[in-house]
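Undergrad: only the shape, not the letters, is given here:
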């Protein structure tokens with residue numbers, strides 16, 4: 001049996017083969033051919049296929065026209081396919097298991113000789129990648145092939161920027177596979193998207209690190225970033241919630257962001273605790289953030305949740321100070337005053353644990369219909385701090401603040417009378 005042409009070359013020294021290409025470029029066929037060949041020619045080996053959802057991995061990677069089931073049948077090496085369990089068994093004893101990237105914990109136990117990761121840029125949980133890599137420990141040289149349309153998420157950027165030789169980056173476009181695509185469809189795509197950012201990303205596989213029309217840039221974010229140990233005492237801290245309408249597999253995340261303010265008009269992003277889960281779960285997470293950061297109040301965007309947000313918070317802690325806000329203006333109008341703080345170097349990320357939030361800030365396009373949940377929560381939090389009482393800000397400017405409990409102190413106080421913290 002001859003090895004198919006143009007497959008990732010396993011004789012080379014790469015451990016991760018990153019194939020960045022546009023829609024219809026033949027990514028699925030390439031990875032399916034590679035994995036089918038490797039599993040067929042190596043007896044009693046174990047392999048994984050991971051895609052954004054179980055429906056994706058089953059319907060596209062396994063059963064699709066370019067999927068691995070058809071290729072294994074061509075090889076005559078398919079012994080059994082258990083569709084409900086996502087388990088493929090080959091005649092030589094090798095096994096291929098299907099996984100959903102939405103369930104990272106399912107990858108905690110299994111170990112593999114190799115894996116195929118499809119549409120990695122669309123995975124919701126970076127932890128899925130980590131758990132898969134922890135299990136890549138069988139054989140002399142475990143390998144992972146990634147096929148994805150590029151998006152500027154942190155995981156993809158980090159892989160592209162690796163310089164240790166373990167990652168081989170290959171790029172392609174929709175038009176590289178023109179002979180297998182409908183000519184009229186290609187003409188329509190080119191006419192509609194040629195020269196646009198969407199076309200550069202979705203057709204030509206270009207990794208766009210930030211949007212030209214975004215309200216933030218990575219340079220500004222980096223310029224204003226501070227280390228946690230350099231953070232000043234805050235006179236007000238709030239946690240803001242931008243709730244998701246639903247809590248299903250395809251729902252948006254609920255944005256939960258903690259921010260603080262200092263008397264000099266600077267604002268600090270302290271934690272991004274955004275999550276996907278039931279209303280009860282995100283309400284509990286918001287209360288945890290309120291307690292952890294000794295917040296003054298919880299802010300909730302009530303256009304979708306109405307009074308339900310407050311009711312949920314009260315179930316967790318009846319004493320929570322809460323204020324609901326309404327989105328009477330568009331996202332761009334609400335976000336512009338906050339983004340202006342970044343241009344003035346007055347909006348600071350405290351630490352480096354904001355990868356997904358920062359990705360939203362620099363890639364969200366104001367004219368798009370996407371819902372940037374984390375960005376929205378940040379905007380609500382900082383907007384509330386910006387609109388704080390002028391008298392409280394004046395008091396804060398005249399006094400010192402305890403860094404632990406934020407009680408105003410007479411300047412020169414050595415020990416906070418409330419929490420006994422040394423100043």
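TA: All right, it came through fine. As the structure is a prediction and not an experimental result, all values here were calculated from the model. Numbering: from 1, shown residues only.

Undergrad: lowest confidence element among the helices and strands of the chain?
TA: Within the chain, no helix or strand scores below helix 390-398, which has a mean of 56 by mean pLDDT, DSSP states H and E.

Undergrad: from the chain's centroid, how far away is the helix or strand in which residue 171 is found?
TA: Per DSSP states H and E, residue 171 falls inside strand 167-172. Centroid separation between strand 167-172 and its chain, computed with C-alpha atoms, centre = their mean, to the nearest Å, is 21 Å.

Undergrad: that one packs against which elements?
TA: When contacts are defined as 3 or more C-beta pairs under 8 Å, 6 or more residues apart in numbering; DSSP states H and E, strand 167-172 sits against strand 16-21, helix 154-160. Just so you know, the C-beta spots here come from the backbone N, C-alpha and C atoms, and that holds for glycine as well.

Undergrad: state the mean pLDDT of it.
TA: Regarding strand 167-172, the rounded mean pLDDT is 88.

Undergrad: same thing with stretch 262-272?
TA: 92.

Undergrad: start to end distance for it?
TA: 19 Å (C-alpha to C-alpha, to the nearest Å).

Undergrad: okay, buried residues for that stretch please.
TA: 262, 263, 266, 267, 268, 269, 270, 271, 272 (16 or more other C-beta atoms under 10 Å).

Undergrad: farthest-apart pair in these, please.
TA: 263 and 272 (24.4 Å; C-beta to C-beta).

Undergrad: show me the contacts for the closest residue to residue 223 other than its chain neighbours.
TA: Ranked by C-beta to C-beta, 6 or more residues apart in numbering and with sequence neighbours excluded, the top spatial neighbour of residue 223 is residue 345, at 6.1 Å. Counting by C-beta atoms under 8 Å, 6 or more residues apart in numbering, residue 345 makes contact with 220, 223, 224.

Undergrad: please pick the buried ones from those residues.
TA: Here, 16+ other C-beta under 10 Å leaves 220, 224 buried among those.

Undergrad: looking at the contacts of residue 345, which are in helices?
TA: Among those, DSSP state H puts 220, 223, 224 in helices.

Undergrad: and the residue nearest the centre of this structure?
TA: residue 356 (4.6 Å; C-alpha atoms, centre = their mean).

Undergrad: burial check on residue 122, number of neighbours?
TA: 15 (other C-beta atoms under 10 Å).

Undergrad: re earlier: dump the ones in helices among the contacts of residue 345 to JSON lines, plus pLDDT.
TA: Converted to JSON lines, the ones in helices among the contacts of residue 345 look like this (pLDDT from 0 to 100):
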{"residue": "220", "pLDDT": "89"}
{"residue": "223", "pLDDT": "92"}
{"residue": "224", "pLDDT": "94"}
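
Undergrad: now those residues as a markdown table including distance to residue 72?
TA: Shown next, in a markdown table, are those (distance: C-beta to C-beta, whole Å):
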| residue | distance to residue 72 |
| --- | --- |
| 220 | 50 |
| 223 | 52 |
| 224 | 53 |
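
Undergrad: now flag whichever of the residues you listed is closest to residue 339.
TA: Looking across these and measuring by C-beta to C-beta, the closest to residue 339 is residue 220, at 8.6 Å.

Undergrad: which residues touch the closest one?
TA: 342, 343, 345.

Undergrad: nearest to residue 417 among those residues?
TA: Nearest member of the contacts of residue 220 to residue 417, counting by C-beta to C-beta, is residue 345, at 34.8 Å.

Undergrad: out of the contacts of residue 220, the closest to residue 156 would be?
TA: Of the contacts of residue 220, the one sitting nearest to residue 156 (C-beta to C-beta) turns out to be residue 342, at 23.7 Å.

Undergrad: now do the same contact list for the closest one.
TA: 216, 220, 221, 224.
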